[in-house]
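**Student:** Provided below are the primary sequence and the corresponding predicted coordinates.
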Amino acid sequence: MEPASSPGPHAKREERSVGAGGDPPEEPGHRPTARRRGKGVAALVGALVVASAVLLALWVWPHAPPVPGPHSTVSTHLLIAGSGGGSLGPYRLGVNVRADGTFGAYEESLLAATPANVIRWPGGALADRYNGTVNGGQGLIYNDDGTSQSATASLATFASWCLSTQCTVIYTLPAEIGNPAAAAYQVGWIEANLGLHPLYWEIGNEPALWTHFQIPWSQWSPSQDLAPSPAGYASVAASYALAIHQVDPSAKVLGLGGVGKGGGTEAAWINATLSAGVQNGVQQFAGVAIHVYPAGSGYPGETDEQVYAALDGPPSLASRVQTGLADVQNRCAACVLYVDELGAASGSTLASFMAGFPLVSFTAAAVIQGIEANASSLDDFVLEGGYSGAWTGGSGETPKPVYGLYQDLLGMLRGGWAPVGSSPAVVNLYAMATTAPTGNALLVANCDQNRTVDLSFSGSGFPFGASGAAWAWNSSSAEPVGYSWTRSGPENWTLPPEAVLLLLTNAPISAASHPVGAGTATETGARSGLEPGFAPLDPLERAVPRLHAGTSFSVAPGHGVEVRGGVLRDPQVLLRW
């Protein structure tokens, strides 16, 4: 563990508490928050069928459990800034899948219900201990003492599933052992025998945390403490890339699988890796990856609002991606930056936050930040395992709320995206609009433990005069609550603390219909000097006062709805996503 470089609750960033498998262990005795497995928005909305004679529906957000700090409400006007933000692309969302877990029908069904198009295998620090080409294709996992055991998830099974579903893979090769020839053999064997051609071959995981650098697995000992410098790692990584390209000249290689000790030294690792990657005048790497856990390892007694504060400033995903992308493009204009591990915190201290609903609003905000900062991919950690932020604790166990965010809401974000601003500006509020032939959406996340936000969409550019639907979610319900309208939807919504709202329509969305002057922030700490005509939701703004809890909104006359196979059907609405 690297000593904290500065005081404060989030001074330690991404300092991983490494367990036997190399990833954050779960708090002993913790159990995930209950969630009805196999029932997404489809089942919930289908259960909310309303007779067509109903003229008005009123839904009230129940109050959240009491929390410390002042309670208040703030009002703001949301405005779509127009199109042109960029394209979501096919690889924006993904998840790590570990070879030391289970990979069968249950895990396949979980993945199939989400928009996670990128699968990082074998997941986290396990990569540097894993050889999937031996043991009859089952694979072996090596321990600190040089012993080994069979992987519980078969690489052959995973590859077969991936080919059948046309999934996209980032395959992390073992680089701690420093054996380019062995890695090249694995590449050739996997491509020839399993037919699997990953989007990227990645060179190791978090080298700053290695302890057996350039020592063969059979000679590992718990007493070893050999980690590479950025230059030492870069030299080995370049050798790996050259060896891989001898086997497959068309292979794309990510030259860095995260650092392991936060963003403080990230620039040195990125610069060293991409500099060493230039061999014979040709850049061998297609890009690099970083790992982002904004709240670090956390500390005992940390409140939700203190965890949410990590969405602001240098530890935030927005700042890390912006800085990392600048470092990458300074060395290689054509190279990409992936975030192939993403979580709120790396340790087990924040287990209740990670396993409960607060991680939903945090992750929704982080996804908005990552897309707007132009990360090539955002790969959550992890599908299954003991880590508190895992989608499920084990095979067959009830998924945690964060899985519901992916299953029920994030799949509706498609096509191009546009930033959304607020007037007056509100801190810890995040929003983004997306446009696609399959449905236009607007996602809002309130990342404040004590404050309700009254949202006005009048003149926002979102077509409430057309048919549409909405899903609202906070900790009072196990799943998002769905609504639809066929003629005119409500333009005023109340978003309680720690809540998300997603709006969906087939009608075109546009830039705000009237100019709005730069918003005056209603809370201390908001950014000043905003661009005239538009008050963006600055991901680096930070709330100092913490405000209060919400009431209700009304829904215009509507009809019964049901969802079948990703199509929401109403007597007068047909929305596809």
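**Tutor:** Noted; the coordinates are in hand.
**Student:** Output the longest helix belonging to the protein.
**Tutor:** With secondary structure taken from DSSP state H, the chain has its longest helix at helix 230-247.
**Student:** which residues sit against that one?
**Tutor:** For helix 230-247, the surrounding residues in contact (C-beta atoms under 8 Å, 6 or more residues apart in numbering) are 173, 175, 178, 180-181, 183-184, 187-188, 191, 201, 203-204, 207, 213-214, 228, 251, 253, 255-256, 265, 268-269, 271-273, 275-277, 279, 284-285. (Glycine included, C-beta is placed from N, CA and C.)
**Student:** L226 and L409, how far apart?
**Tutor:** As judged by C-beta to C-beta, to the nearest Å, L226 and L409 stand 44 Å apart.
**Student:** Repeat that for W473.
**Tutor:** 8 Å.
**Student:** Run through the helices of the stretch 251-400 of the chain in chain order.
**Tutor:** Counting by DSSP state H, counting those that start in this stretch, residue ranges of the helices within the stretch 251-400 of the chain are 266-276, 304-308, 317-331, 351-355, 358-372.
**Student:** These: which one's closest to W493?
**Tutor:** With C-beta to C-beta as the criterion, W493 lies closest to helix 358-372 of these, at 15.4 Å.
**Student:** Return the distance of that closest one from the chain's centre.
**Tutor:** Relative to its chain's centre, helix 358-372 lies at 7 Å (C-alpha atoms, centre = their mean, to the nearest Å).
**Student:** and that helix, average pLDDT?
**Tutor:** What helix 358-372 shows for mean pLDDT is 97.
**Student:** For it, C-alpha coordinates in CSV please.
**Tutor:** The C-alpha trace of helix 358-372 is given here as CSV (Å, rounded to 0.1, in the frame of the first residue of the first chain):
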residue,chain,number,x,y,z
PRO,A,358,-26.5,4.0,-2.8
LEU,A,359,-24.2,2.3,-5.3
VAL,A,360,-27.0,2.6,-7.9
SER,A,361,-27.0,6.4,-7.9
PHE,A,362,-23.2,6.5,-7.6
THR,A,363,-22.7,4.2,-10.6
ALA,A,364,-25.3,6.1,-12.7
ALA,A,365,-23.4,9.3,-12.1
ALA,A,366,-20.1,7.6,-12.9
VAL,A,367,-21.4,6.2,-16.2
ILE,A,368,-22.6,9.7,-17.1
GLN,A,369,-19.2,11.1,-16.2
GLY,A,370,-17.3,8.5,-18.1
ILE,A,371,-19.3,8.8,-21.3
GLU,A,372,-19.0,12.6,-21.2
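**Student:** Then D128 would be within a helix, right?
**Tutor:** Yes. When classified by DSSP: H, G, I helix; E, B strand; the rest coil, D128 is found to be part of a helix.
**Student:** list the contacts for the nearest residue to it once chain neighbours are set aside?
**Tutor:** Of all residues not flanking D128 in the chain, E176 sits nearest, at 3.9 Å (C-beta to C-beta, 6 or more residues apart in numbering). E176 makes contacts with 128-129, 204, 207, 210, 212-213, as judged by C-beta under 8 Å, 6+ apart.
**Student:** W473 and L409: which is more packed in?
**Tutor:** Legend: neighbour count by other C-beta atoms under 10 Å for W473 and L409, higher for W473 (27 against 24).
**Student:** Roughly how far does the nearest residue to the more buried one once chain neighbours are set aside sit from L410?
**Tutor:** Setting aside the residues directly before and after it, W473 is nearest to P480 in space (C-beta to C-beta, 6+ apart), at 4.1 Å. Separation of P480 from L410 (C-beta to C-beta) stands at 11 Å.
**Student:** cool, and T114?
**Tutor:** Distance of T114 to L410, given as C-beta to C-beta: 7 Å.
**Student:** cool, and G263?
**Tutor:** When distances are taken as C-beta to C-beta, G263 and L410 turn out to be 25 Å apart.
**Student:** Check G296 too.
**Tutor:** Taking C-beta to C-beta, one finds G296 at 25 Å from L410.
**Student:** give me phi/psi at the residue nearest to D128?
**Tutor:** phi -60, psi -30 (degrees, to the nearest 10).
**Student:** about what we covered before: from the contacts of helix 230-247, which ones fall inside strands?
**Tutor:** When these are checked against strands (DSSP state E), the matches are 173, 201, 203, 253, 255-256, 279.
**Student:** before we move on, the earlier item: now list whatever residues contact both of T114 and L410.
**Tutor:** Common neighbours of T114 and L410 are listed as L93 (criterion: C-beta under 8 Å, 6+ apart).
**Student:** And E302, its phi and psi?
**Tutor:** For E302, the backbone dihedrals (degrees, to the nearest 10) come out as phi -60, psi 130.
**Student:** Just to check, it is in contact with A351?
**Tutor:** No. The criterion here is C-beta atoms under 8 Å, and E302 misses it with A351 at 11.2 Å.
**Student:** out of those two, which sits in the busier spot?
**Tutor:** Just comparing E302 and A351: by other C-beta under 10 Å the higher neighbour count belongs to A351, 23 against 18.
**Student:** what mean pLDDT does stretch 253-260 have?
**Tutor:** Taken as a whole, stretch 253-260 has a mean pLDDT of 98.
**Student:** How far off centre is the longest helix of the chain?
**Tutor:** 28 Å.
**Student:** so for that helix, what's the average pLDDT?
**Tutor:** 98.
**Student:** Point out where the stretch 51-200 of the chain drops to low pLDDT.
**Tutor:** For the stretch 51-200 of the chain, the stretches with pLDDT under 70 are 51-70, 82-84.
**Student:** For V259, list the residues it contacts.
**Tutor:** In this structure, V259 makes contact with 14, 206-208, 265-266, 269, 290-291, judged by C-beta under 8 Å, 6+ apart.
**Student:** which among the residues you listed end up buried?
**Tutor:** By neighbour count, with 16 or more other C-beta atoms under 10 Å, the contacts of V259 hold 14, 206-208, 266, 269, 290-291 as buried.
**Student:** of those, the lowest pLDDT goes to which?
**Tutor:** Of all the buried ones among the contacts of V259, E14 has the smallest pLDDT value, namely 35.
**Student:** got the contact list for the closest residue in space to L443 that isn't next to it in sequence?
**Tutor:** Counting by C-beta to C-beta, 6+ apart, L443 lies nearest to L502, which is 5.1 Å off, once chain neighbours are set aside. Listed by C-beta under 8 Å, 6+ apart, the contact partners of L502 are 409, 412, 441-444, 470-471, 480.
**Student:** quick one: which of these is nearest G136?
**Tutor:** The shortest separation between G136 and any of those is 40.9 Å, and it belongs to L409 (by C-beta to C-beta).
**Student:** What pLDDT is listed against L540?
**Tutor:** In the predicted model, L540 carries a pLDDT score of 20.
**Student:** Secondary structure class of L503, three-state.
**Tutor:** Secondary structure of L503, per three-state DSSP, is strand.
**Student:** That one pairs with what?
**Tutor:** According to DSSP bridges, the partner residues bridging L503 are L442, A470.
**Student:** Tally up the residues packed near it, please.
**Tutor:** Each residue near L503 was counted by other C-beta under 10 Å, and the total is 25.
**Student:** how about the helices in the stretch 401-550 of the chain?
**Tutor:** Using DSSP H, counting those that start in this stretch, the helices assigned to the stretch 401-550 of the chain run over residues 401-404.
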